[in-house]
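> could you look at this predicted model? Sequence included:
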Amino acid sequence: MLHTSMSGRGMVTAPHHLAAQSGLEILREGGNAIEAMTAAAATIAVVYPHMNSIGGDGFWLIAEPGKEPIGVDACGGAAKLASAVFYKDAGHSFIPFRGPLAALTVAGTISGWAKALEISSGWKGRLPLSRLLADAIEYADAGVPMTAAHCVMVADKASEMTEAPGFEPVFLSGGLPSAGHIFQNKPLTAALQQLTKAGLDDFYRGDLARSLAADLESMGSPLRLDDFEKHRAKTVTPLSTSVDGARIFNLPPPTQGLASLLILAFYNRMRAAEPDGFDHIHRIVECTKRAFKVRDYAVMDPDYAPAPAATFLTEEFIGEDLYSIDLVRAAQWPDEGNGKGDTIWMGAIDAEGRSVSFIQSLYWEFGSGAVLPATGINWQNRGTSFSLDPESSNPLMPGKKPFHTLNPAFARFSDGRAMVYGTMGGDGQPQTQAAVFSRYAFHGQDLQQAVTAPRWLLGRTWGSASTTLKLESRFSETTANKLKQAGHNVEMMDGFTSTMGHAGAIVLNRDGVLSGAADPRSDGSVAAF
């Protein structure tokens, strides 16, 4: 049984213990939360490759005491050549989910590291990139023992990778691996070393960019060097809304941060008396349905959105939408949603109380599955969220940013506490955030209890078109039966299943004590000193 971790100087939580340790070492050496998170991000991209990669996107929510939080959008757009005509000429009526044609968006996460480190320099960040990436380089070169979850995912997804060049040499060179197998990625070692020598911008406008573009083109991807050269990460103003006792923040579109905020804003006005029973779960699930309808209408590349996201966070809009939520009966479901999820979420708070909520992704497990031979980088398939139908809500267009399930969260409480929290899990991300935050902030649960407690998921899971309301089996039979009687299509799952995401949280308390939680569904831990 995990217990809430506590410390007084610095803390990192991550879904892989080596990433948490990499971040902690940076904090111990006097680094700040951004530097610690950069080190953790590099490490987890090596040791947890089924969930994220430097060939994916990333988003940061950075907060400094007494100042408004800052967001970093490191999402890459679709290739200039990526159009409906391009895919139809190639004989496809939809964007393939795997292989080089699924690798159609620029990987933005490295640009996000660079933008965050610019902010770090204003905090007198002093550690060189060679130090921040040292652990990741060592793990890629010498190898790391694979977790059971990593091995299971390789076995589960291998059959989908027949059209994904480079996957087999990296992930199946010795056949199907078992837990403890040493996983190495020597080409990735060289790519990370190149970044420490030439700087992070080399990924987009240097020798590394030229290598990436050449490999992608030779594989058949529509990405070209010009797409890399035009990419820039940018700082953004986070979305926020107030709930009783706290102001909560999340990232604007193209992330689904709007949905995460709406669920909690709705539930704040119709709280259950107690957590984890019918009233708690039913009300948040119904709030989720309303929030997802808004998300599916409004969340996309903000340059193409029908209205600014903040429009849907006004008191008037939230109040009007409450009338559609029935406290005893389930609304009809499903609506069309956005499917699968991979991803990692990590959090860090340093000795000065500066915090980072961070998320890094490939989209589906292993993304496109296409691994670039010169660099060992596995490329994302985030662009498969686009439609080739020009009349759809999110049609593919060159340069357009894809819809993102990613959304790191942050909260400031009126009593002085600060909280970073988040999870992976596609459609489940806003729901798990609501579960963790509501249990901790509204219902007074211990932080680790809020993460460990049984969870639910409305909507699709990885690799499944199911839209049932999934419950971990640790919920009581009474609660499950009441949900069924209310009209929910309930499906029972294992007691601890990764389908429910890998969540984590850190709270900086008023007295300076840090409390942290890691998810027993993951391979992670809290690291602190």
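Nice, I can see it.

> could you use CA atoms for every contact and neighbour count after this?
Fine.

> need the helices for the stretch 401-529 of the chain, in chain order.
For the stretch 401-529 of the chain, applying DSSP state H, counting those that start in this stretch gives helices covering 428-437, 447-452, 477-485.

> counting by contacts, list what the first one packs against.
Under the contact criterion of 3 or more C-alpha pairs under 8 Å, 6 or more residues apart in numbering; DSSP states H and E, the helices and strands touching helix 428-437 comprise helix 257-268, helix 278-298, strand 418-422, helix 447-452, strand 456-458.

> which residues touch the shortest one?
I take that to be strand 456-458. Applying C-alpha atoms under 8 Å, 6 or more residues apart in numbering, the contact partners of strand 456-458 are 281, 285, 427-428, 431-432, 467-472, 500.

> hmm, 7 Å instead?
Outside strand 456-458, the residues within contact range by C-alpha atoms under 7 Å, 6 or more residues apart in numbering are 285, 428, 431, 467, 468, 469, 470, 471, 472, 500.

> partners of that strand in the sheet?
strand 469-472 (antiparallel) (DSSP bridges).

> gap between the strand it pairs with and the chain center?
Relative to its chain's centre, strand 469-472 lies at 21 Å (C-alpha atoms, centre = their mean, to the nearest Å).

> any idea how the protein splits into domains?
Domain assignment for the chain by automatic domain parsing gives 14-232+356-385, 236-341+405-528.

> adding distance to residue 392 and mean pLDDT, write those domains out as TSV.
Shown next, in TSV, are the domains of the chain (distance: least, C-alpha to C-alpha, whole Å; pLDDT from 0 to 100):
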stretch	distance to residue 392	mean pLDDT
domain 14-232+356-385	11	97
domain 236-341+405-528	11	93
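
> so which of those domains comes closest to residue 350?
Nearest of the domains of the chain to residue 350, taken as C-alpha to C-alpha: domain 14-232+356-385 at 5.1 Å.

> follow-up on the earlier one: how about the helices of the stretch 401-529 of the chain, which one is nearest residue 120?
helix 428-437 (26.7 Å).

> residues in contact with that closest one?
By C-alpha under 7 Å, 6+ apart, helix 428-437 touches 259, 260, 263, 264, 422, 423, 450, 451, 457, 500, 501.

> how many neighbours does residue 321 have?
14 (other C-alpha atoms under 10 Å).

> for it, phi and psi?
phi -70, psi -30 (degrees, to the nearest 10).

> quick check: it vs residue 521, distance?
Here the criterion is C-alpha to C-alpha, to the nearest Å. By it, residue 321 lies 34 Å from residue 521.

> dump the helices and strands packed on helix 428-437 to a markdown table, plus mean neighbour count.
Output for the helices and strands packed on helix 428-437, formatted as a markdown table (neighbours: other C-alpha atoms under 10 Å):
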| stretch | mean neighbour count |
| --- | --- |
| helix 257-268 | 26 |
| helix 278-298 | 22 |
| strand 418-422 | 28 |
| helix 447-452 | 24 |
| strand 456-458 | 25 |
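
> of these, which is nearest residue 103?
helix 278-298 (23.2 Å).
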